[in-house]
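In: The sequence isn't on hand, but the structure is:
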């Protein structure tokens, strides 16, 4: 079951990276063409975190439908792991977003056995991953808590730098789909470019 959750976390992260690149085939605008704001980045990050976690926990607690409970549980995991990174993804700062998301994913994996202690037995039964009683002051739990909290703080603090780099044109990431002639046939070519 832990492998399934790890796979889902990785798929969430990959889907966020794909969604964050809003226009495939077009490089992002340079400074002055499309400015982004720190307040909007912070709003996106907090909304994706708080709304996802709140909605997910509420869905598990209020509904008896197994499908709704599973969606709610996965929405909560999304909010914990990826929510705070969406502000960095908005500013197209993928390295900082992935670092914070990775820290929270590691923390979440370390705290899998504390699911019922944190979210309750109903949430734990929905995911069916918590098989033992633990104390939130155990060393493994404290390290997991530190990773999750540190990931949140890192992403929220780094938003200003991410937006400033975007607005100054300092960091660029682009994915392009072009065509090329290979053996007298037109073939699609996928290219990626990262400038620091």
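Out: Thanks, I have the structure now. Keep in mind that what you see is a predicted model, and the values were worked out from it rather than measured.
In: what ranges do the helices span in the protein?
Out: Assigned by DSSP state H, the chain shows helices spanning 2-20, 38-62, 66-81, 86-90, 94-110, 115-119, 121-127, 139-168.
In: Are there helices or strands packed against the last one, and which ones?
Out: For helix 139-168, the helices and strands in contact under the criterion 3 or more Cβ pairs under 8 Å, 6 or more residues apart in numbering; DSSP states H and E are helix 38-62, helix 86-90, helix 94-110. (Glycine included, C-beta is placed from N, CA and C.)
In: Now it: buried residues?
Out: Residues of helix 139-168 classed as buried by neighbour count (16 or more other Cβ atoms under 10 Å): 141, 144-145, 147-148, 151-152, 154-156, 158-159, 161-163, 165-167.
In: tell me how far that helix is from the chain's mean position?
Out: Taking Cα atoms, centre = their mean, to the nearest Å, one finds the center of helix 139-168 at 12 Å from the center of the full chain.
In: cool, the fifth one as well?
Out: Here the centre of mass of C-alpha atoms in helix 94-110, compared against the chain's by Cα atoms, centre = their mean, lies 8 Å away.
In: between it and helix 38-62, how many degrees?
Out: 20 degrees (axes from the mean of the first three to the mean of the last three Cα atoms, to 10 degrees).
In: surely residue 188 meets residue 179?
Out: Yes: counting by Cβ atoms under 8 Å, residue 188 does reach residue 179; the two are 6.1 Å apart.
In: Rebuild the helices and strands packed on helix 139-168 as a markdown table, extending it with mean neighbour count.
Out: A markdown table is the format used below for the helices and strands packed on helix 139-168 (neighbours: other Cβ atoms under 10 Å):
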| stretch | mean neighbour count |
| --- | --- |
| helix 38-62 | 17 |
| helix 86-90 | 27 |
| helix 94-110 | 21 |
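In: Throw those helices into TSV and include distance to residue 73, thanks.
Out: Converted to TSV, these look like this (distance: least, Cβ to Cβ, whole Å):
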stretch	distance to residue 73
helix 38-62	6
helix 86-90	19
helix 94-110	12
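In: do you know which of those lies nearest residue 126?
Out: helix 38-62 (5.6 Å; Cβ to Cβ).
In: got a list of contacts for the closest one?
Out: The contact list for helix 38-62 (Cβ atoms under 8 Å, 6 or more residues apart in numbering) reads 68-69, 71-80, 82-88, 90-91, 119-120, 122-123, 126, 152, 155-156, 159-160, 162-163.
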